[in-house]
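> Below are the sequence and a predicted model for it; my questions follow.
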Amino acid sequence: MTLYLKWKSPDNKVFVLGELTKKRTNFYFKYYVPGLKAAIQKGCTGVAGFDLGKDKIDNEYKSKTLFPFFKGRIINKDDPNITNILTKYGLDTYDEMKILKITRGKLGIDNYFVEE
């Protein structure tokens with residue numbers, strides 16, 4: 001599954017910043033450089049945990065676990081209400097990517113979100 005990280009500027013323009021992919025047991029994140037550069041001109045500060053340095057911006061990041069930036073946007077699997085939440089989302093099991101997709105990873109404190 002691939003989800004695209006997006007950011008909405010104060011003037012409501014949406015920019016694609018990168019893509020998050022899960023392949024087998026690994027997660028991958030890679031910036032979409034043209035979208036990121038355009039978003040930075042509108043005030044975006046990049047994505048926490050992913051370097052914006054000149055020699056790093058084209059890197060593909062790999063992890064065995066969901067990157068903290070995205071992990072902080074979904075319900076914790078140890079939440080006491082997880083069974084009810086999974087039922088509400090129509091899920092039989094806890095799947096981080098599916099939860100991100102359903103909730104869009106939206107937080108009330110910033111303008112980042114994900115879409116398929």
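Structure received. Residues are numbered from 1 along each chain as shown.
> So what's the residue count around residue 100?
24 (other Cβ atoms under 10 Å). In this view, the C-beta of every residue, glycine as well, is placed from N, C-alpha and C.
> what's the answer for residue 19, then?
16.
> how near is it to residue 11?
Applying Cβ to Cβ, to the nearest Å, the value for residue 19 to residue 11 is 24 Å.
> Could you point out the longest strand of this protein?
Ranked by number of residues, the top strand in the chain under DSSP state E is strand 14-23.
> which parts of that one are buried?
15, 16, 17, 18, 19, 20, 21, 22 (16 or more other Cβ atoms under 10 Å).
> One more: stretch 109-116?
Buried residues in stretch 109-116 (16+ other Cβ under 10 Å): 111, 112, 113, 114.
> what about the strands in the chain?
2-8, 14-23, 26-31, 60-63, 112-115.
> Neighbouring strands - and their directions - for the fourth one?
When you say that, I think you mean strand 60-63. strand 26-31 (antiparallel) (DSSP bridges).
> how far off strand 2-8 does the strand it pairs with point, in degrees?
In terms of direction (axes from the mean of the first three to the mean of the last three Cα atoms, to 10 degrees), strand 26-31 departs from strand 2-8 by 40 degrees.
> From residue 35, how far out is the residue lying closest to residue 52 once chain neighbours are set aside?
Excluding the flanking residues, the one nearest residue 52 by Cβ to Cβ, 6 or more residues apart in numbering is residue 46, at 4.5 Å. For residue 46, the distance to residue 35 (Cβ to Cβ) stands at 12 Å.
> before we move on, what about residue 96?
23 Å.
> low pLDDT regions in this structure?
The chain contains residues with pLDDT under 70 at 53-56.
> ok, now with 90
46, 48-60, 108 (pLDDT under 90).
> Kind regards, and thank you for your time.
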